[in-house]
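**Student:** take this sequence and fold it.
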Amino acid sequence: MPDPPAPPAAVQPLFPPPPRPAPVRVVVADDNPVVRAGLTALLSGREDITVVAEAADGREAYEAAARHRPDVVLLDVRMPGVDGLTALPHLARIARVVMLTYSHEAEIVQASLRGGAGGYLVHGEFTAEELASAVRDITRGRAHLTPTAATAVLAHLYTDATAHAETDPLPLFPVTSPNRLSQMQPLMGQSAGEHDGEPERARAREAGTRSRLSAREAEIMDLIASGMNNQQIAATCFISEKTVKNHINRIFAKLHSASRSEATATWLGTAPGAAHRGVG
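**Tutor:** Next up is the predicted model:
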């Protein structure tokens with residue numbers, strides 16, 4: 001009896017699929033252990049990203065980067081010991097660095113970019129998916145800036161352009177200074193005399209209102225003003241929703257507000273009578 005025919009050999013694809021790229025290797029540097037744990041959990045849950053080490057200050061970040069040779073370092077600005085700005089130039093020689101911080105001052109943003117950072121992300125201005133995309137894109141040389149950081153960069157460019165315009169007798173186009181840009185909207189349709197000194201008074205009111213709240217309460221109030229709900233605030237700050245509610249109750253009491261919209265109006269200086277209300 002003849003042997004049964006052999007089963008057909010498996011058909012080999014003409015063009016085999018390309019090998020899966022190695023995951024992006026990340027070091028997370030932040031002095032807050034809750035923030036570090038949250039970022040590590042968020043990023044490690046993705047197939048193409050892995051956190052290879054955590055660090056509590058700039059020195060630990062440098063040691064971890066020298067040991068693990070990551071693709072990206074997520075670096076906080078303000079840390080005890082060696083801070084982020086001090087460690088940045090050393091880290092930038094080893095890996096691409098993204099500042100991931102609550103610090104949003106224009107001077108710090110500009111100093112970070114001059115120091116070699118490839119991106120600047122301010123907590124509360126990005127989603128989890130946007131963070132992961134930023135980590136991926138940074139490895140391809142694409143800079144990422146959240147809105148506050150981008151505004152700081154544009155202000156710096158406007159300042160430079162204005163300085164050049166003052167020495168150029170024939171500028172190619174008119175340049176408007178950042179201060180003038182910020183004042184154009186409220187001045188629309190009104191005489192200049194009605195608003196003399198208003199920017200200074202607005203800044204004084206904002207400083208007075210902020211002085212009522214603790215640093216954490218101010219951070220949460222900024223997130224409320226941006227339109228975030230309690231769940232989003234909890235995820236951004238790596239705290240529970242109950243803790244968020246407790247902070248909001250204290251914020252409402254300090255701002256003499258009964259709702260999120262009322263608190264936001266007071267916080268942003270748009271509440272009725274804000275121009276004459278005391279800030280103490």
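**Student:** can you give me the helices in the stretch 51-200 of the chain?
**Tutor:** For the stretch 51-200 of the chain, the helices defined by DSSP state H, counting those that start in this stretch occupy 58-68, 84-91, 106-114, 128-138, 147-167, 178-187, 198-211.
**Student:** comparing those by mean pLDDT, which bottoms out?
**Tutor:** Mean pLDDT across the helices of the stretch 51-200 of the chain is lowest at helix 178-187; the value there is a mean of 35.
**Student:** my read: Val35 touches Phe238, true?
**Tutor:** Yes: at 5.6 Å, Val35 counts as touching Phe238 under the criterion of CB atoms under 8 Å. All C-beta atoms are positioned from the backbone trio N, CA, C, and that covers glycine.
**Student:** where does Arg25 land in three-state SS?
**Tutor:** Following DSSP: H, G, I helix; E, B strand; the rest coil, Arg25 is assigned to strand.
**Student:** ok now do it, which residues does it touch?
**Tutor:** Contact partners of Arg25, counting by CB atoms under 8 Å, 6 or more residues apart in numbering, are 50, 52, 68-72.
**Student:** residue contacts, Asp83?
**Tutor:** Asp83 neighbours (CB under 8 Å, 6+ apart): 57-58, 77.
**Student:** try 7 Å
**Tutor:** Contact analysis of Asp83 by CB atoms under 7 Å, 6 or more residues apart in numbering lists 58, 77.
**Student:** how about it, phi and psi?
**Tutor:** Backbone torsions for Asp83, taken as degrees, to the nearest 10, come to phi -80, psi 180.
**Student:** secondary structure element for Gln231?
**Tutor:** Assigned by DSSP states H and E, Gln231 belongs to helix 230-237.
**Student:** surely Glu219 is within a helix?
**Tutor:** Yes: counting by three-state DSSP, Glu219 is part of a helix.
**Student:** worst-scoring helix or strand of the chain, pLDDT-wise?
**Tutor:** Lowest mean confidence among the helices and strands of the chain (mean pLDDT, DSSP states H and E): helix 178-187, at a mean of 35.
**Student:** could you list the low-pLDDT ranges of this protein?
**Tutor:** In the predicted model of the chain, residues 1-20, 156-209, 270-280 satisfy pLDDT under 70.
**Student:** could you chop it up by domain?
**Tutor:** 24-150, 198-267 (automatic domain parsing).
**Student:** of the ones you listed, flag the one that's most buried.
**Tutor:** Counting by mean count of other CB atoms under 10 Å, domain 24-150 has the highest mean neighbour count of the domains of the chain, with a mean of 19.
**Student:** got the contact list for the nearest residue to Thr50 once chain neighbours are set aside?
**Tutor:** Taking CB to CB, 6 or more residues apart in numbering, and ignoring the residues beside it in sequence, Thr50 has Pro23 as its nearest neighbour in space, at 4.4 Å. Going by CB under 7 Å, 6+ apart, Pro23 touches 48-50.
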